[in-house]
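[1] just need the structure, nothing else, for what follows:
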Amino acid sequence: MSKGLFITGTDTDCGKTYITSLIIRALRAERVDAIGYKPICCGDRNDAMELVDAADDTVTADQINPVWLRTPAAPHVAAMFENQEIDTELLVRHNKQLKQHHQAVITEGAGGLLVPVAGKSYMIAEMAIDIGDPVVLVVGNKLGALNHTLLTVEAMRSRGIEPAGLIFNNLVEELDTATITNKGIVEDMCGVEVITDVIREQREIEAWPFLELLGL
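    Down below sits the predicted model:
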């Protein structure tokens, strides 16, 4: 049984925070003590605050976001600008500590899978491996998503990560040929199941796929 999920995405602004918040709310509606975990914020802290709100303010931003860099850039770059060093062990340790007090911890990465966290050898992918939870890939469904998704899945598998599933987040209201067909093509080409398909500004999702992934 996993006590958490790791949410990564095909790109920045693909909707990771939005989807993570929906998952937390769906689990809490089923009386699961689920919270979010945002290891690193760069720039503002809005993502962490959204996760706090999704968890009904049962945690604070400081509790779920141990590293906050004010520079809006990749974590490694932001840390360089601010003359700081990101302690990757602290990020993993903090996740484990949260799991001691909560039933499920939904971790949201920063940017995409290969965003550098600490140098060129420690990316978001390595953080996901160290945390050890099933990894769910959020796909920002738009023209180009097919390429972004297949590249990300290939990068995951090259590191020994088998995706637990895909979540399609439709970024536009008016779907075109690409956005309509992306879901079926991706499933066929990479063999990873689409867990759910979220329309623009959808307010809730079903909890059962995530309860299954968590073994609850």
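[2] next SSE downstream of the lowest-mean-pLDDT helix or strand in the chain?
    Least confident element among the helices and strands of the chain, by mean pLDDT, DSSP states H and E: helix 177-190 (a mean of 92). Once helix 177-190 ends, the next helix or strand along the chain (criterion: DSSP states H and E) is strand 194-198.
[3] residues touching that following strand, excluding its own?
    Strand 194-198 is contacted from outside by 15, 19, 22, 136, 165-170, 183, 186-187, 205-206, 209-210, using CB atoms under 8 Å, 6 or more residues apart in numbering. From N, CA and C alone the C-beta is placed, and that goes for glycine too.
[4] at 10 Å what do you get?
    Here strand 194-198 makes contact (CB atoms under 10 Å, 6 or more residues apart in numbering) with 15, 18-19, 22-23, 26, 136-139, 141, 164-171, 182-184, 186-187, 202, 204-206, 209-210, 212-213.
[5] drop anything exposed from those.
    By the neighbour-count criterion of 16 or more other CB atoms under 10 Å, those include these buried positions: 15, 18-19, 22-23, 26, 136-139, 141, 164-171, 182-183, 186, 205, 209-210, 213.
[6] restricted to helices, list the residues you listed.
    Among these, the members found in helices (DSSP state H) are Tyr18, Ile19, Leu22, Ile23, Ala26, Asn182, Lys183, Val186, Pro209, Phe210, Leu213.
[7] how about those in a markdown table, adding distance to Ala110?
    As requested, those are arranged in a markdown table below (distance: CB to CB, whole Å):
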| residue | distance to Ala110 |
| --- | --- |
| Tyr18 | 15 |
| Ile19 | 15 |
| Leu22 | 19 |
| Ile23 | 17 |
| Ala26 | 23 |
| Asn182 | 24 |
| Lys183 | 25 |
| Val186 | 23 |
| Pro209 | 24 |
| Phe210 | 21 |
| Leu213 | 22 |
